[in-house]
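**Student:** please work out how this folds:
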Amino acid sequence: MRSNGGKRRVPTWLVLGVGTVAAGAVAWASGQRGWAAVLAAGGVALTLAGYLADRRDAQAADIDLATVADRLADLVMDQWAAEATRREITQPPLAVSWQPVDPSLVQPWPYLEQLAEAGAGWPVPVHPAAGPHELAGTGGELLDVFDRIPTGRLIVLGEPGSGKTALLIRLVLDLLARRDPGDPVPLLVPLASWDPDRHDLYSWLETQIVRQYPSGLAGTTATGVSRARALLSAGRILPVLDGLDEVRTGGRSQALTAINTTLRNDTHLVLSCRATAFRHAIRPSPTRQPVFVEGAAGIRLDPLTPTIIADYLTTTVEPGGQARWAPIRTALATTPAPPAAQALSTPLMASLARTIYNPRPGESSLGLPNPADLCNTTALPTRTAVEQHLFDGLIPAAYRTHPIRPSRWTADQATPYLTFLAKHLEDRLHTTSLAWWELDLATPPAFRILVVGLPIGLVAGLPAGLPFGLVFGLPVGLPVGLAVGLAFGLAGGLGHQSPHQIVLQRPRLADLAFGLAFGLASGLAFGLAVGLAFGLVVGLVVGLAFGLAGGLGLNTSADMQRAADPRSVLLQDRYSAVAFGLAFGLAGGLAGGLAFGLAGGLAGGLAVGLAGGLVVGLAFGLVGGLAAGLAWGLVVGLDTAWGRLGLARLWLASHNRLPVHLIGFLLDASERGVLRQAGAVWEFRHANLQRRLANRP
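**Tutor:** So this is what the prediction gives:
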């Protein structure tokens, strides 16, 4: 799933085709006329198969990007509809309201109208607002407000936990509900991992989109770029960028500049940020000109009123339990507001308080913590102290015993696991997205080198010494094979210190043809070395057998078109790993058995007769070859995202970092509201929760 950033590269099939023909020329010069003919034919076949595969890919890619956008829209709708249900976003009574931002934070309204009416490429407004005063609203009115901005660009400002993300999720769902086929797809993407100094906006967005929606964006277009990049370039993505304040302080102004210089004029935009951080971002220095978001209007979320907060906290409480919240009602009505009332003025903290102190359906209130504890100013003297207390109370509340939704993990077990994950994301990966295929990066580098990289590298490298052994004898070939294998192993182990990608594509007939041509050409080139020692017949058998093994191994990728969540991606990658290991191991073992069995049979035929030698050689060769091939396939199959996760999971569990049933634990944490799913990855419920856990001793 890598992109070349839009640069055209030389096709692999062309390089291999030319190389195979060149190998034929070498064979001709060496007097191996039979091999020269075989290699020349293989090179032509490889080039033709690659050309036809590229043409088919180009035709498929050029059919219609709208189809790709529609498939992606379905995945986005499924994702956020489920998340909205878990977070009760679409249910009353908690509804935020907003007002237009301070005019000094955005460009003047007449300028926005001028852009829409006379600017090149800007969208034509249908029912624009008469001025920013008409942008005020509440609840589910944000879509109407967004439609009335002449330029289709909106800044959403608010304090931490004020409900910005929840509001954006609702906007995304509303945009998708009224979307027509082929229209731009609204994508909600957190900005925490963007470093504007290292990545341009489209390259970073491309990575995030493929990371969250691997199944919908598999494959490349006719120009060699990923489908995600093609959608961005074609204006078929509506970026909903959440959390400019999560970008490092010195990079926020650069981020705004990158947004202005990258987005097409007809690309709509939604951007959220904390109010103070946004003010500093547009005016990083008194001596510099402000960096406004081009063509954007803005709104600022209001704090929740005491009445709304009190009603939200007690709506689901039985009549006898209202008394537990009486001290909080008093605190909310007190002026000036005490720390508890200040903390509960945001939707995030109010939601945490309801989760911690209210019983769930089917649960008794006996034994629950008392919300009056929040009013203890001796223990919780500041707003920050109250907020940290609520963050600390979420995990015990989420994992308390429940008769309807039991958990196999207790709060005492889950807390260190979640703390480790938060530290992994915060300190090592510097992101808010938890991808299961990157969890092996939580293991020490020495583990990845010794346990993962070296075995795979040795398996891949030792066969490289085989031609030397066949030509110059085992005393020479074995040391060469060991040296090459160690080199491959070291390189493979070091390579496991960087993030990995997973195979996400559906094999087609053209892919199969290309894979077989690739494998046969490579196998014939390998067989050339064998043929120099044992003749054309043995070399041809070796080349064809290993070529078929390679061709089959290249085409065992998983069907990811329906994988829309982390577990589906894992299951598909596991299928791919098992299929690859079995296909490669069986085909490779069969190839080795045939090749070396035939060679042994020809050699033994001088003593026991050709037929008997062939039978004995083939029998021993097949048994030994299949055993070695299956072992080889097992090791190679471990060099997949699923295989690496399995090895890392064992190490992490043995050191009490994470549970053995890791995916089940993450799914359970998501169901309990500690994590949330974002396409194929997980995130903590809020970035501040991740930060709080990561900073715990």
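**Student:** may I see the buried residues of the helix or strand hosting I209?
**Tutor:** According to DSSP states H and E, I209 maps onto helix 201-212. Residues 201-212 are the ones in helix 201-212 that count as buried (16 or more other C-beta atoms under 10 Å). For every residue, glycine as well, the C-beta is placed using N, CA and C.
**Student:** please apply the same query to stretch 81-100.
**Tutor:** Neighbour-count burial for stretch 81-100, counted by 16+ other C-beta under 10 Å, picks out 81, 83-84, 87, 89, 94-98, 100.
**Student:** among the residues you listed, name the ones in strands.
**Tutor:** Among the buried residues of stretch 81-100, the members found in strands (DSSP state E) are 97-98, 100.
**Student:** and those, which is closest to E246?
**Tutor:** Among those, W98 lies closest to E246 (C-beta to C-beta), at 20.7 Å.
**Student:** average pLDDT for stretch 108-117, rounded please.
**Tutor:** Taken as a whole, stretch 108-117 carries a mean pLDDT of 94.
**Student:** got it, and stretch 272-285?
**Tutor:** 92.
**Student:** can you check stretch 66-85 too?
**Tutor:** 87.
**Student:** tell me where this protein has strands.
**Tutor:** Under DSSP E, the chain gives strands at 97-100, 137-138, 153-157, 185-190, 237-242, 269-273, 297-301, 675-678, 681-684.
**Student:** as TSV, those with distance to G321 would be great.
**Tutor:** Below are the strands of the chain laid out as TSV (distance: least, C-beta to C-beta, whole Å):
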stretch	distance to G321
strand 97-100	28
strand 137-138	29
strand 153-157	35
strand 185-190	36
strand 237-242	35
strand 269-273	35
strand 297-301	30
strand 675-678	28
strand 681-684	29
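**Student:** out of those strands, flag the one nearest G131.
**Tutor:** Among the strands of the chain, strand 97-100 comes nearest to G131, with 8.6 Å by C-beta to C-beta.
**Student:** okay, now the sheet partners of that closest one, with direction.
**Tutor:** Sheet pairing of strand 97-100 (DSSP bridges) gives strand 137-138 (antiparallel), strand 297-301 (antiparallel).
**Student:** of the buried residues of stretch 81-100, which is the nearest to T305?
**Tutor:** When the buried residues of stretch 81-100 are compared for distance to T305 (C-beta to C-beta), S97 wins out at 8.9 Å.
**Student:** report how many residues lie close to the closest residue to the closest one other than its chain neighbours.
**Tutor:** Spatial nearest neighbour of S97, chain neighbours left out: T138 (3.8 Å); criterion: C-beta to C-beta, 6 or more residues apart in numbering. Residues lying near T138 (other C-beta atoms under 10 Å) number 11.
**Student:** residues contacting T138?
**Tutor:** Residues in contact with T138 (C-beta atoms under 8 Å, 6 or more residues apart in numbering) are 95-98.
**Student:** okay, the residues you listed in a markdown table with distance to P150 next?
**Tutor:** Listed next are the contacts of T138 as a markdown table, based on distance: C-beta to C-beta, whole Å:
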| residue | distance to P150 |
| --- | --- |
| A95 | 26 |
| V96 | 24 |
| S97 | 23 |
| W98 | 18 |
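**Student:** return the member of those residues nearest to A66.
**Tutor:** Minimum distance to A66 across the contacts of T138 is 33.3 Å, recorded for W98 (C-beta to C-beta).
**Student:** what residues does the nearest residue to I237 once chain neighbours are set aside make contact with?
**Tutor:** Leaving aside its chain neighbours, I237 sits nearest to L231 (5.1 Å; criterion: C-beta to C-beta, 6+ apart). By C-beta under 8 Å, 6+ apart, the residues touching L231 are 65, 68-69, 72, 185, 209, 217, 237.
**Student:** could you rerun that using 10 Å?
**Tutor:** Listed by C-beta atoms under 10 Å, 6 or more residues apart in numbering, the contact set of L231 reads 65-66, 68-69, 72, 184-185, 187, 205-206, 209, 216-217, 221, 237.
**Student:** L175 too?
**Tutor:** Shown in contact with L175 (C-beta under 10 Å, 6+ apart): 73, 76-77, 142-143, 146-147, 183-186, 238, 240, 268, 270.
**Student:** correct me if wrong: A435 contacts W682.
**Tutor:** Yes: contact criterion C-beta atoms under 10 Å: A435 and W682 qualify, at 8.1 Å.
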